[in-house]
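> Below is the structure, and that's it, no one-letter string:
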């Protein structure tokens, strides 16, 4: 049975969810976190919904065995499958709350009273229309415009965060969105990988405000844990553990963790989420 001392789980298709881990680490320094990045099967954005659900369930099953008290789904692509048959009973099946990063971002967008919002994300997330659906459930007057990228998450996964290829890909999609909707002043970085290179986005459109959904998700985690009586209330100086698990290569984690300025001590393990348990 999970309690206040139980860890928070974070899942992502790869290193992108480290943006959520970074926000959680700062906002909730006493909480222990177990991160699962399925780099071996990344990127998820070019996969089918059925494949994404199957891979997601393997990470959720692993975290259920680790007795987490909540899972933050840091991957926008995974979050956009929450209406897919097969994940309908995920919360009851695994016994812990599962928090969508898209829903958290949508709630912040509405509270900030945006009127016209751009979203740059994976092809799957944009095709799902999930951002528009969730935002318009809360405020039907907000206009949402999507721009898909099939390459950017995969380029970031390679770890060369200042490569000409990333610069060109970001420039292309910012230009596409702003050319079609020049009056948009707010853009959601709708793939958790994208805030890792937020500086490049800002250089392409310095007059635009870029929303990092990882910040929204970290705040939502804190609220939900508090409401459930599961927020850790240990010693004020206590620092939780950070355990990072990947199904792929390890070196890219060092690169991204350094880029994000995560200073808390962490451990890194290579595991197979598909292995029988």
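Structure's in. What do you need? Because the structure is a prediction, the values reported are computed rather than measured.

> how far is the helix or strand containing residue 216 from where the chain is centred?
Under the criterion DSSP states H and E, the helix or strand holding residue 216 is helix 213-227. Relative to the chain's own centre, helix 213-227 is displaced by 12 Å; criterion: CA atoms, centre = their mean, to the nearest Å.

> For the helix or strand following it, which helices and strands make contact with it?
As assigned by DSSP H and E, the chain's next helix or strand after helix 213-227 is strand 242-246. Secondary-structure packing of strand 242-246 (3 or more CB pairs under 8 Å, 6 or more residues apart in numbering; DSSP states H and E): helix 18-27, strand 33-37, strand 266-270. Bear in mind the C-beta positions are built from the backbone N, C-alpha and C, glycine included.

> Reformat those as JSON lines; add distance to residue 122 and mean neighbour count.
As requested, those are exported to JSON lines (distance: least, CB to CB, whole Å; neighbours: other CB atoms under 10 Å):
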{"stretch": "helix 18-27", "distance to residue 122": "15", "mean neighbour count": "24"}
{"stretch": "strand 33-37", "distance to residue 122": "16", "mean neighbour count": "25"}
{"stretch": "strand 266-270", "distance to residue 122": "25", "mean neighbour count": "13"}
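
> what's the closest of those to residue 181?
Using CB to CB as the measure, helix 18-27 is the one of those that comes nearest residue 181, at 25.0 Å.

> What is the closest one packed up against?
Under the contact rule (3+ CB pairs under 8 Å, 6+ apart), helix 18-27 is packed against strand 8-12, strand 33-37, helix 213-227, strand 242-246, helix 251-260.

> got the contact list for it?
Identification of contacts with helix 18-27 by CB atoms under 8 Å, 6 or more residues apart in numbering yields 8, 10, 12, 31, 33, 35, 37, 72, 74, 101, 192-193, 195-196, 212, 214-215, 217-219, 221-222, 242, 244, 253, 256-257, 260-262, 264.

> circling back to that earlier point, figure out which of the helices and strands packed on helix 18-27 is closest to residue 126.
Closest among the helices and strands packed on helix 18-27, using CB to CB: helix 213-227, at 14.5 Å.

> other SSEs contacting that closest one?
Counting contacts by 3+ CB pairs under 8 Å, 6+ apart, helix 213-227 is packed against helix 18-27, strand 70-73, strand 98-100, helix 101-111.

> Out of those, which gets the lowest mean score?
Note on the helices and strands packed on helix 213-227: strand 98-100 shows the lowest mean pLDDT, a mean of 93.

> Double-check that residue 67 belongs to a strand.
No - counting by DSSP: H, G, I helix; E, B strand; the rest coil, residue 67 falls outside a strand, being coil.

> Quick one: residues contacting it.
1, 2, 6, 7.

> how about it, phi and psi?
The phi/psi pair for residue 67 (degrees, to the nearest 10) reads phi 60, psi 50.

> Quickly note the distance from it to residue 212.
29 Å (CB to CB, to the nearest Å).

> ok, now which ones touch residue 75?
Neighbouring residues of residue 75 by CB under 8 Å, 6+ apart: 11, 12, 13, 16, 17, 44, 101, 192.

> for residue 193, same thing?
By CB under 8 Å, 6+ apart, the contact set of residue 193 is 14, 15, 16, 19, 152, 153, 156, 157.

> Spell out the secondary structure type for the third one.
Assigned with three-state DSSP, residue 16 falls in the coil class.

> Next one: it, what pLDDT does it get?
Predicted confidence (pLDDT) at residue 16: the value is 98.

> these two touch, right, it and residue 154?
No - with contact defined as CB atoms under 8 Å, residue 16 does not count as touching residue 154 (10.8 Å).

> between these two, which one's more packed in?
residue 16 (28 against 17; other CB atoms under 10 Å).
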